[in-house]
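Visitor: okay, predicted coordinates and the sequence, questions at the end:
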Protein chains: 2
Amino acid sequence: MEAKPKVNGGVKDGKQNRRMPAIHGPTNPMVTPLLTDLYQFTMAYAYWKAGKHKDRAVFDLYFRRNPFGGEYTVFAGLEECIRFIANFKLSKEDIAFIRECLSPTCEDGFFEYLGGIDCSDVEVYAIAEGSVVFPKVPLMRIEGPVAVVQLLETPFVNLINFASLVTTNAARHRFVAGKNKLLLEFGLRRAQGPDGGVGASRYCYMGGFDATSNCAAGKLFGIPLRGTHSHAFVSSFTGPDEITEKSLKSQDGSKVCKDFVSLTQTWLSKLKRLSSSEGVFGETNQSELAAFISYALAFPKNFLALVDTYDVMRSGVPNFCAVALALNDMGYRAKGIRLDSGDLAYLSCETRKFFQTIEKEFQIPDFGNTGITASNDLNEETLDALNKQGHEVDSFGIGTNLVTCFAQPALGCVFKLVEINNQPRIKLSEDVSKVSIPCKKRSYRLYGKEGYALVDIMSGENEPPPKAGQRILCRHPFNESKRAYVVPQLVEDLIKCYWPGSAEKEREELPTLVEIRDHCMKQLEQMRTDHMRRLNPTPYKVSVSTKLYEFIHFLWLNEAPVGELQ
Amino acid sequence: MEAKPKVNGGVKDGKQNRRMPAIHGPTNPMVTPLLTDLYQFTMAYAYWKAGKHKDRAVFDLYFRRNPFGGEYTVFAGLEECIRFIANFKLSKEDIAFIRECLSPTCEDGFFEYLGGIDCSDVEVYAIAEGSVVFPKVPLMRIEGPVAVVQLLETPFVNLINFASLVTTNAARHRFVAGKNKLLLEFGLRRAQGPDGGVGASRYCYMGGFDATSNCAAGKLFGIPLRGTHSHAFVSSFTGPDEITEKSLKSQDGSKVCKDFVSLTQTWLSKLKRLSSSEGVFGETNQSELAAFISYALAFPKNFLALVDTYDVMRSGVPNFCAVALALNDMGYRAKGIRLDSGDLAYLSCETRKFFQTIEKEFQIPDFGNTGITASNDLNEETLDALNKQGHEVDSFGIGTNLVTCFAQPALGCVFKLVEINNQPRIKLSEDVSKVSIPCKKRSYRLYGKEGYALVDIMSGENEPPPKAGQRILCRHPFNESKRAYVVPQLVEDLIKCYWPGSAEKEREELPTLVEIRDHCMKQLEQMRTDHMRRLNPTPYKVSVSTKLYEFIHFLWLNEAPVGELQ
């Protein structure tokens, strides 16, 4: 058994000589060097056998299409990749396992080589986590000995794919819901496995959600937690007779109500005089009433009730209001209700009217603004429909569609060789959309007068960078006729060094989750809204320099075999 | 820091007095009691505060609709649930965190109570893992103190949902592919996070796949591993000149070929006389040729080449065949090719023809049957389309669509209170489909003459079980007019005890993955194929006994509030 090494990646010879903090291992302890495809090991052996394993390779990690029919993606998962390589080490047990899996003819020297591998000789360049990103532009560039970098392919792509997908999904839900609504992620139970849930909670927060129901994510990442009670809590009670401890001290401690149950029941009879559009209500459900009273006695400052266990307008809302009014007598302000089924637009509006009637009828200031949370299979489309119908929901709890990315559950990130031993490489394909862009590249984002992003441009590593105020020809990488001149007001160099860092290339520090979230919110604001809209958004342009364009096509012709028709 | 307790759940007083093996903790160490929704803790506090936390509750875990537009589901994830409760313990750190999250007014006694909780007082009954299951029938019944069982809700539902979904998806892919094809799961890089990938590998194997590319899953669960090389391997070479060590010993060790590169090149020129439908080929790609030769030198017994990096018919297939024929001279038999883009039906047929031509032309016995593996965004629909077009693929590598369950990325398992303190409970809803079936129940599967399953029936715990040969009235739980008489040939009691077990109710042992897989394959064969087909399958019937039917409707009327129209 080996203890997990904690690498301290201090930039010892850095300009400022500042110490970088130690980099912890991956959040999920299952992320080990064995979390990779077998072919990474068979290839490593073949490279080793051919004496090529130390050839210096450059790989790009990128995706080919934005998800959800949209025109943007948010990049996430970088921190986990850095944590992974900072602690990369194959254990003896891992190596013994790989030896079993490969051919018995594989030579011992290879397994000795595997045992010595770490990522000190690997360099990782990336766009900042939480940035808005686009197809074909490398999110990460990974350089190092070809056999080692291949081993990183599967875990890196795994760690980036879902993280970026679900962050993007959260950002899209936020865009439709608007800035002023509270967005809660409630997806743990429906997520694709335990860390499908934990990851979703983290990345939904990154993409603009306000809180999660997931305690593990709250503890691991400091995300605000929310939660009250379920239908089972409501139906676990039979009636108010069950409640034995009935007293409640007032908010300011000045008085005690000895029978909070009676106080609630008194309010319930007063409420019977009021009517909702469902008619006046008759007898409300007594198990529900008992559950609400019990919850209020346990959390008088945080009373929020799920009102659809039996019937929203005939039972849940009147029961809630009776308890809320009793709490009000004791100086507490109820938080609100949660609707989890039925016509959320209609029920939220009816409930709001009922709250407002109470405010007016009983002179309870601000009761009309009591909170309304809605849940139940919400997604971008239903949020949009609710907006169009008109609703009175303040806060949305979103689960399944958000965390499993129901509308498109996978992002197609790939990891392609673009250079080896300083030789640019291209991957052709029967599908033109799968042709890779060769060369070690740099990427820039060009901004226009109003501060919005205009276009991303890639160029060869050694080309001079584009300059603000200078006219630049931006070319489509594969389509000769698509090109445009741009005079940027601002040029942003997208790729920074994240591992290992050196005197010349200082390593970026890993920001906190809140910092990444803030960066993400800022980046989203720098996008023109026509790129962001839910339906038929305008494509954002991704281009290459003329020099790179010409080189791509030279290499393509060079590598593609010429047929001979008979 | 507390060491993870290993519970030995020995049935000490059991009839046979046999020792049960210790139950290990969950596969993913992130599965802890904090992997739950905050409201489970707020409810636990409210139960505790009301003195109700030890009330004996019964919850059912079930789903409401089969996934993928199908009429069946495979139940999976049970072992992980049992591992979770067998080791359930809140650490001091967990409790301190929960204390921070709840209201500062929460009393100390509650946190002391939390610290003492384990699952020795919880009972779990379930259908066997790997069984075919249907909507509304409880997959698991969990009994115990209400506050404790609530804490289990989120992790249980999380562990069952994705496991059952992806097992079902694998079974559906197997159904379309047919029994004779080799099915490989290649999804790790596209899965929803690290254990989305590991879980998918495990459960796809359970549902009928033959192997995975995921090394971690291979090590954890003993699943056969597969993998050869990627496009990057092919394009990392520049040409055969790179290859310095060119010798290859023959399979039987009797001779050595000193220049395997030349041998391959000789075969390549011989092949140029043959033509495919793409015309005769000219110069094949030299970097590809070098890569294939290197791979063959590393793995002469396992030579399988990815042939679409440059051009399948003009380069990849001829290069593969040249290497395969050179290997054949040395007594090795090449495994085959992998196609990863383009028209798989057409390319596989063309490749097969080319293999057959070689067999005939050069008298190489069985060369025509060299393996063809296909990958590239395969799913049920594309497999079906390939079958209709006609293809020559022997083996399918399936990734994204399989492991993310692209066609429907979530299953809607729920966890509903059905009884508390021996009082049956019902959950009504604005949506009738969300009404729960009350009571502690038993479930049976009734089989007909031909050995196929006919109908599932639920009854109250204390009703006499249905008997083979007896006429039984099976009623739809909610629709009065839907009912049918059945005379079963065989009655299967679906629910068994999985935790903790006692003298009266012996605990089922947890079977191995291979045993579960075998059970699953057998179960799938006991279903009529009209329930299984991909499009418009016949619904399988789920019913209740007359007594249970009547009780549901009595309770429903009893709990639903009566309105008063104005």
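Guide: Sure thing, it's come through. Numbering: from 1, shown residues only, chains lettered A, B, ... in the order given.

Visitor: any idea where the strands of the stretch 151-300 of chain A begin and end?
Guide: For the stretch 151-300 of chain A, the strands defined by DSSP state E, counting those that start in this stretch cover A:182-185, A:211-212, A:248-249, A:256-257, A:280-281.

Visitor: out of the ones you listed, which is the most enclosed?
Guide: Comparing the strands of the stretch 151-300 of chain A by mean neighbour count (mean count of other CB atoms under 10 Å in any protein chain shown), strand A:211-212 comes out on top with a mean of 26. C-betas here are computed from N, CA, C, even on glycine.

Visitor: what's that one in contact with?
Guide: Here strand A:211-212 makes contact (CB atoms under 8 Å, 6 or more residues apart in numbering or on different chains) with A:182, A:184-186, A:188, A:201, A:204-205, A:218, A:223-226.

Visitor: which one of those residues sits closest to chain B?
Guide: Distance to chain B, by CB to the nearest CB, is smallest for A:Leu225 among the contacts of strand A:211-212, at 4.6 Å.

Visitor: quick one: low-confidence ranges for chain A?
Guide: Applying pLDDT under 70 to chain A picks out residues A:1-21, A:275-280, A:430, A:563-566.

Visitor: taking the stretch 101-250 of chain A, what residue is nearest to chain B?
Guide: Residue nearest to chain B within the stretch 101-250 of chain A (CB to the nearest CB): A:Gly227, separated by 3.2 Å.

Visitor: how close does that residue sit to A:Glu381?
Guide: 26 Å (CB to CB, to the nearest Å).

Visitor: which one of these two has more residues nearby?
Guide: Neighbours were counted for A:Gly227 and for A:Glu381 using other CB atoms under 10 Å in any protein chain shown; A:Gly227 has more, 24 against 13.

Visitor: that one against B:Asp37, yeah?
Guide: Yes. Counting by CB atoms under 8 Å, B:Asp37 is a contact partner of A:Gly227 at 5.4 Å.

Visitor: joint contacts of these two?
Guide: Counting by CB under 8 Å, 6+ apart, the common neighbours of A:Gly227 and B:Asp37 are A:Ser213.

Visitor: next, the contact list for A:Leu339, please.
Guide: With contacts defined as CB under 8 Å, 6+ apart, A:Leu339 is in contact with A:307-308, A:312, A:347-348, A:351, A:372-376, A:393.

Visitor: circling back to that earlier point, of all the strands of the stretch 151-300 of chain A, which one is nearest A:Phe59?
Guide: Evaluated with CB to CB, the strands of the stretch 151-300 of chain A place strand A:182-185 nearest to A:Phe59, the distance being 32.7 Å.

Visitor: what pairs with the closest one, parallel or antiparallel?
Guide: Here strand A:182-185 has these sheet partners by DSSP bridges: strand A:211-212 (parallel), strand A:395-398 (parallel).

Visitor: which residues sit against it?
Guide: Residues from elsewhere that reach strand A:182-185 (CB under 8 Å, 6+ apart): A:170, A:173-174, A:177, A:200-201, A:204-205, A:208-214, A:226, A:373, A:394-399, A:402-403.

Visitor: from the chain's centre, how far out does that strand sit?
Guide: 13 Å (CA atoms, centre = their mean, to the nearest Å).

Visitor: kindly report the same for stretch A:89-103.
Guide: Per CA atoms, centre = their mean, the centroid offset for stretch A:89-103 relative to its chain is 34 Å.

Visitor: buried residues in it, which are they?
Guide: A:89-90, A:94-95, A:97-99, A:101-102 (16 or more other CB atoms under 10 Å in any protein chain shown).

Visitor: that stretch near chain B at all?
Guide: Yes. Stretch A:89-103 is in contact with chain B by CB under 8 Å from any CB of the partner chain, via A:94, A:97-98, A:101, A:103.

Visitor: got the residues you listed as JSON lines, with secondary structure columns?
Guide: Converted to JSON lines, those look like this (DSSP: H, G, I helix; E, B strand; the rest coil):
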{"residue": "A:Asp94", "secondary structure": "helix"}
{"residue": "A:Phe97", "secondary structure": "helix"}
{"residue": "A:Ile98", "secondary structure": "helix"}
{"residue": "A:Cys101", "secondary structure": "helix"}
{"residue": "A:Ser103", "secondary structure": "coil"}
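
Visitor: dump these to a markdown table, plus distance to B:Thr73.
Guide: Putting these into a markdown table (distance: CB to CB, whole Å) gives the following:
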| residue | distance to B:Thr73 |
| --- | --- |
| A:Asp94 | 35 |
| A:Phe97 | 33 |
| A:Ile98 | 36 |
| A:Cys101 | 33 |
| A:Ser103 | 40 |
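
Visitor: most widely separated two among those residues?
Guide: Longest span within these, CB to CB: A:Asp94 and A:Ser103, 17.8 Å.

Visitor: for A:Pro231, give its distance to B:Lys416.
Guide: Quick fix: residue A:231 reads His, not Pro. Separation of A:His231 from B:Lys416 (CB to CB) stands at 7 Å.

Visitor: try A:Leu555
Guide: Per CB to CB, A:Leu555 is found 61 Å from B:Lys416.

Visitor: these two: who's more crowded?
Guide: Neighbour tally, A:Leu555 and B:Lys416, criterion other CB under 10 Å: the higher count belongs to B:Lys416, 23 against 18.

Visitor: what helix or strand is the more buried one on?
Guide: Taking DSSP states H and E as the definition, B:Lys416 sits inside strand B:414-420.

Visitor: centre of the chain to stretch A:49-59, how far?
Guide: 34 Å.

Visitor: is it in proximity to chain B?
Guide: Yes. Counting by CB under 8 Å from any CB, contacts between stretch A:49-59 and chain B involve A:49-52, A:55, A:57, A:59.

Visitor: ok, now stretch A:238-253?
Guide: Yes. Judged by CB under 8 Å from any CB, stretch A:238-253 comes into contact with chain B at A:238, A:242-245.

Visitor: which among those gets closest to B:Gly282?
Guide: Taking CB to CB as the measure, B:Gly282 lies nearest A:Thr238 of these, at 84.4 Å.

Visitor: surely that closest one meets A:Leu289?
Guide: No. When contacts are counted by CB under 8 Å, A:Thr238 is not listed as touching A:Leu289 (10.7 Å).

Visitor: out of the two, which sits in the more crowded spot?
Guide: A:Leu289 (27 against 15).
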